[in-house]
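A.B. asks: Predicted model and sequence follow; I will ask about them next.
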Amino acid sequence: MKALYICDNKDEWLTLNGLFAGNFPKVELICCLNGSDALDHLAYEGPFAIVMIEASIREENPSTLGQRILETVGERPIIFMGSEVHIKDRVDNDLYNGHPINAIIHTPYDIEVFKEVITSTLEWAKKEEFEESIEEIDREELLPMRVRNFYMFKVVPYDVYLELTQTKFIKIIKRNQPYTHAKIQSYAKKNIKNLYLGKNDFIRMLEDGIEKVTEGLSQKNASLKSIFGNQIRAALIIQQYIRAIGVSDDIQALCSLIIETTDKTIRRYESPTEVISKIPFNTCDFAEQAILTSYYCEAILHNLGWKSDLSRKKLGLASLLQDSTLSNEDLIKVSGAEDPNLQMFTREEQDEYLSHPIQAAEIAKQFQGYSEADFIIAQQHEKPNGTGFPFGVTANKMTAHSCAFILASTYVSKLAISGKKDDDKNRIIDQLKVDYNLGNFKEPLMALVKAVKT
Ligand SMILES: [Fe+2]
């Protein structure tokens, strides 16, 4: 078992090390200077049966730090150590009384009290079966699940792992045990994109996710925040499901529900631009890009006065599926086949990128009732002068729908890799006006300019 001690006075480390070595030789004591080091240890080197905080630490209040630890790693006892004065002034009674095993050990240490407190904490940890342990797992048995999915639930019926090395994984969420969203956030902040699940659990989680977002999107009078949140989560599920399993009836139903919701949401407002300004575009991953693109497509249709349901449906599906076959999110940084950034990816990923318009078009063919969506998707990266990919066709070979989609999708992907400020928006639009003011692009370009600038 491991114990964690947070204290900025290294002399105290020595004292405590001596006490553990003499009385609990099987417990490995890890000492750290501050809260952020402690959270790193807790996240990557668990399980820790005991967490001890020195009440005199200077960088932050020991009670706040204790609270932060509980919010991040979940319920567990915390022991506050220190002189009577520091404990009295700096340890919050509510927090201290919040867990039956929470304890205080005054310094200088009384050996008997120390032994008694540590023994009862170790017993608690044993009873709780600390399964947050490092395991050697064949990675063929696991599938990566995007971190964002875990915000949909507070408890899941499967074990969830974090990748430490190619073969080593640490179980960070135990089946049927509540986890905190702060814990998920702490991984997201460290730029961890995926957590891992067994293959069957992976499919179950996507199916549970479909149910959850369908329920959310079917709610009447939902707030814009909840609508966008559910649409983005749904787009992410669709992308992952298509890559892992393929197209199913449930996925088709979910796509049409997203498209319907977009239409209904826009109708609630005076102009699409008003709605678009409220869409979250933070991580700018393919899911956020899919939803923002679909709203810009709606805005272009609205500004052009095109009211056909089929136009709406095919541009909506194109938005959701356009990048669904790309497995590496970092490919959002690539702006085209000629972009030197593409060289930073593996050969396989480069091929995947170059063929994704065709692969995604193949996926679209499996959907019923969206004629031409596959052509539109296949042409997503074409340019009016024929310098796009994969076909290099020119503006006169593209339908007005393709042109509208290319403009919305290109604008959103350029926005994703910009600073996302008003200046960036204007700069991107000015560039589009130079490159795309040709043939069938002209009218949708003006409609997009109106959507962005008003
Ligand atoms: Fe794309």
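C.D. replies: That came through, no problem.

A.B. asks: Please enumerate the helices of the stretch 151-300 of the chain.
C.D. replies: 181-189, 199-218, 224-244, 249-267, 272-276, 286-304 (DSSP state H, counting those that start in this stretch).

A.B. asks: So which elements touch the third one?
C.D. replies: Pointing back at helix 224-244 there. strand 142-146, helix 199-218, helix 249-267, helix 286-304, helix 309-321 (3 or more CB pairs under 8 Å, 6 or more residues apart in numbering; DSSP states H and E). No exception for glycine: its C-beta is placed from N, CA and C like everyone else's.

A.B. asks: can you check the fifth one too?
C.D. replies: On a contact count with 3+ CB pairs under 8 Å, 6+ apart, helix 272-276 meets helix 249-267, helix 286-304, helix 442-453.

A.B. asks: Pick the most deeply packed of the ones you listed.
C.D. replies: Comparing the helices and strands packed on helix 272-276 by mean neighbour count (mean count of other CB atoms under 10 Å), helix 286-304 comes out on top with a mean of 25.

A.B. asks: now that one: how far from the chain's centre is it?
C.D. replies: 21 Å (CA atoms, centre = their mean, to the nearest Å).

A.B. asks: among the helices and strands packed on helix 272-276, which is nearest residue 95?
C.D. replies: Evaluated over those, closeness to residue 95 peaks at helix 286-304, with 36.7 Å, by CB to CB.

A.B. asks: For that closest one, C-alpha coordinates in CSV please.
C.D. replies: What follows is helix 286-304, C-alpha atoms only, in CSV (Å, rounded to 0.1, in the frame of the first residue of the first chain):
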residue,chain,number,x,y,z
PHE,A,286,-14.3,17.0,-34.9
ALA,A,287,-17.5,16.8,-32.9
GLU,A,288,-17.6,20.6,-32.2
GLN,A,289,-16.7,21.2,-35.8
ALA,A,290,-19.5,19.0,-37.0
ILE,A,291,-22.1,20.9,-35.0
LEU,A,292,-20.8,24.3,-35.8
THR,A,293,-20.6,23.4,-39.5
SER,A,294,-24.2,22.2,-39.5
TYR,A,295,-25.4,25.5,-38.0
TYR,A,296,-23.4,27.5,-40.6
CYS,A,297,-25.0,25.3,-43.4
GLU,A,298,-28.4,26.2,-42.0
ALA,A,299,-27.4,29.9,-41.9
ILE,A,300,-26.3,29.8,-45.5
LEU,A,301,-29.6,28.1,-46.6
HIS,A,302,-31.6,30.6,-44.6
ASN,A,303,-29.7,33.6,-46.0
LEU,A,304,-30.2,32.2,-49.6
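
A.B. asks: residue ranges for the helices of the stretch 351-454 of the chain, please.
C.D. replies: 373-378, 400-416, 422-436, 442-453.

A.B. asks: So which elements touch the last one?
C.D. replies: Using 3+ CB pairs under 8 Å, 6+ apart, the elements in contact with helix 442-453 are helix 272-276, helix 286-304, helix 400-416, helix 422-436.

A.B. asks: still on that earlier bit, residue 65 is nearest to which of the helices of the stretch 351-454 of the chain?
C.D. replies: helix 400-416 (35.9 Å).

A.B. asks: got the end-to-end distance for stretch 367-379?
C.D. replies: 18 Å (CA to CA, to the nearest Å).

A.B. asks: Rounded mean pLDDT for it, please.
C.D. replies: Averaged over stretch 367-379, pLDDT sits at 95.

A.B. asks: how distant is that stretch from the center of its chain?
C.D. replies: 28 Å.
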